[in-house]
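[1] Give me coordinates for this.
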Amino acid sequence: MPPLMFGGLVVFMIIGYPVAFSLAAVGFFFGFVSIEMGYFTMAFMQAIPGRVFGSILSNELLLAIPFFTFMGAILEKCGLAEDMLESMGQLFGPVKGGLGYSTIIVGFILGAITGTVAAQVIAMALITLPVMRRYNYDIRYATGVLAASGTITQLVPPSLVLVVLADQLGRSVGDMYLGAWGPSILQIALFAGYTFYLTLVKPEALPPVPRTLFGKALLVKCAWGIIPAAVLIFLVLGTIMMGLATPTEAGAMGAIGAIVLAVVRNAPLTRFDQWVFWGGCAAAIAGTAIGMVAFKSLPFQLAFTVMFAAIVWLCWRAWEVRELRDLIVQASQATMRITAMVAFILVGATCFSITFQGVDGNLWVEHLMSGLPGGVWGFLVVVNLFVFFLAFFLDFFEIAFIIVPMLAPVAQKILEPVVGHDAALIWFGVMLCVNVQTSFMHPPFGFALFYLRSVAPKEVKSADIYWGSVPWVVLQLIMVVIVIALPESVTYFLDEPSGIDPAKVRIELQPAEPENAPPVFGLPPHRD
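    Predicted coordinates for the structure are as follows:
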């Protein structure tokens, strides 16, 4: 029955039926067939509504998806990418390949803020591609580095990919973020190393760009491009890493921060608005300093009350300005569409997975994968090749909701002896995240290439865009090999395992002592 279910799903997708409804249709069809054949009863199917309402619609972790999506949609239009690219271009421009280095660094920073590929590729292509063409950069390198730098966001926290993988693998988002830092930094190093290599063998293809700003003007430009990004990174990632906020709460703060940044950069601010903004910043700094020594004290509460009042006023100004109000409406609509898509795919995947488990599909997958030659490394090679070729035809969400839950139990069992119980699925999840990056870079569904094609001038040929992506896909596959060969690249930043098996923990409760119990070992009786 499990192979038949996969075959039925493939038939539906070849026909072109939406994946979410294909999953549900296959699940219900084979579910009723299995009931008729006696594999399980109708009562077993009651797990579907329980899972939908209990694990999907009430899952607070998945609330991070609309928050990060909304934040990315706001930042796509507010001009943050332009400021960062211009400031980085001024810093690295005089170096050979400087525009390439600046694009890679800005892609990394934007990935730590937005978490959306479309926003990065479109924004960076609109700004950087004309400059690269003006200074005669190799067009295939230019298109390749723009597309590849946009896909970095899939690996750099707070990536939506990592949030979804953490949910499907049953691991904390914080641990998944910590595990992704090593590979994301190595990915940047690979991209920068390839750029440096090209400057040595083909220096004419990546010429330097003259600097137009110097001294104080350069310093102001760089500060205006970097400081807002640093604040947003702290709001989103710093609060999670410090344990001050959950991913959902950090996403909410990032969404509000994006609105405030859009107001400050794009709205016509009155003198009162400027006083409110700088007063809110001063109150936030003062409140943070007070909180380090007197948390929840009255001065602490007053400082953050002033900061919240400033945020409320600036959000109201965003609604008053017509352009910003339209931007918020468009961002809300985009967030609604993406969130609804994810929810429907999750519901369909639940219908499929319940039936799949009912016919012992998990045992079939385990026997299939456990019998591969090569042990752990054979399993990892086969799984990564399997996911790589699936990414030619399936979106990441479809892979995450269909394939990952089936592979997770097998991965836990096989990888645990290598990296330990706690880190096994983190290593596996980050590895899949690195692999899935390639799905945005190769045909037929290379969305980063589609985004780039939509904004590139007609003089840039589609063949140059596709051929330009090939070296960067190879670099991403090299990164997959590094993560497989060096698990420490993922586990280095993780906490040390406790060595305690939660399944063996016993908690024994003893009855409370009576009021007039005699002293024990000469000590007075305990009083609550």
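
[2] Any regions of the stretch 201-350 of the chain where pLDDT drops low?
    Counting by pLDDT under 70, the stretch 201-350 of the chain contains low-confidence ranges at 213.

[3] Helices along that one, start to end?
    Listed in chain order, the helices of the stretch 201-350 of the chain (DSSP state H, counting those that start in this stretch) span 215-233, 239-241, 247-266, 271-293, 298-320, 322-358.

[4] Check which residues of the fourth one are buried.
    By neighbour count with 16 or more other C-beta atoms under 10 Å, helix 271-293 contains the buried residues Asp273, Val276, Phe277, Gly280, Ala283, Ala284, Ala286, Gly287, Ile290, Gly291. In short, each C-beta sits where N, CA and C put it, glycine included.

[5] same for that helix, what does it pack against?
    Judged by 3 or more C-beta pairs under 8 Å, 6 or more residues apart in numbering; DSSP states H and E, helix 271-293 is in contact with helix 298-320.

[6] Just want the angle from the helix it packs on to helix 247-266.
    60 degrees (axes from the mean of the first three to the mean of the last three C-alpha atoms, to 10 degrees).

[7] re the thing from before, export the helices of the stretch 201-350 of the chain to JSON lines and tack on distance to Thr491?
    Compiled in JSON lines, those are given as follows (distance: least, C-beta to C-beta, whole Å):
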{"stretch": "helix 215-233", "distance to Thr491": "23"}
{"stretch": "helix 239-241", "distance to Thr491": "17"}
{"stretch": "helix 247-266", "distance to Thr491": "21"}
{"stretch": "helix 271-293", "distance to Thr491": "31"}
{"stretch": "helix 298-320", "distance to Thr491": "37"}
{"stretch": "helix 322-358", "distance to Thr491": "28"}
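
[8] Mind putting the buried residues of helix 271-293 into a markdown table with distance to Gln46?
    Shown next, in a markdown table, are the buried residues of helix 271-293 (distance: C-beta to C-beta, whole Å):
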| residue | distance to Gln46 |
| --- | --- |
| Asp273 | 56 |
| Val276 | 54 |
| Phe277 | 54 |
| Gly280 | 51 |
| Ala283 | 53 |
| Ala284 | 50 |
| Ala286 | 55 |
| Gly287 | 50 |
| Ile290 | 53 |
| Gly291 | 48 |
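
[9] which one among those residues gets closest to Ile345?
    Ala284 (38.5 Å; C-beta to C-beta).

[10] Report the separation between the closest residue to that closest one other than its chain neighbours and Trp313.
    Residue nearest to Ala284 in three dimensions, not counting chain neighbours: Met307, with 4.6 Å by C-beta to C-beta, 6 or more residues apart in numbering. Distance, Met307 to Trp313, by C-beta to C-beta, to the nearest Å: 11 Å.

[11] check contacts around the residue nearest to Ala284.
    Met307 sits next to Gly280, Ala283, Ala284, Gly287 when contact means C-beta atoms under 8 Å, 6 or more residues apart in numbering.

[12] what two of those residues have the greatest distance between them?
    It's Gly280 and Gly287 that sit farthest apart of those, by C-beta to C-beta, at 10.3 Å.

[13] got the contact list for stretch 280-296?
    Ser297, Pro299, Phe300, Ala303, Phe304, Val306, Met307, Ala309, Ala310, Ile311, Leu314.

[14] cool, and stretch 356-368?
    Counting by C-beta under 8 Å, 6+ apart, 1-3, 5, 27, 30-31, 34, 39-40, 44, 406-407, 409-410, 413 sit against stretch 356-368.

[15] Please, which helix or strand holds Tyr39?
    Assigned by DSSP states H and E, Tyr39 belongs to no helix or strand.

[16] wouldn't it be in contact with Met1 here?
    Yes - between Tyr39 and Met1 there is a contact under C-beta atoms under 8 Å: 7.2 Å.

[17] and Gly107, how many neighbours does it have?
    Residues within reach of Gly107, counting by other C-beta atoms under 10 Å, total 28.

[18] Find the nearest non-adjacent residue to it, please.
    Gly107's closest residue in space is Ser149 (C-beta to C-beta, 6+ apart), at 2.9 Å.

[19] For Phe214, state which of the buried residues of helix 271-293 is nearest.
    Using C-beta to C-beta, the buried residues of helix 271-293 come closest to Phe214 at Phe277, 28.6 Å.
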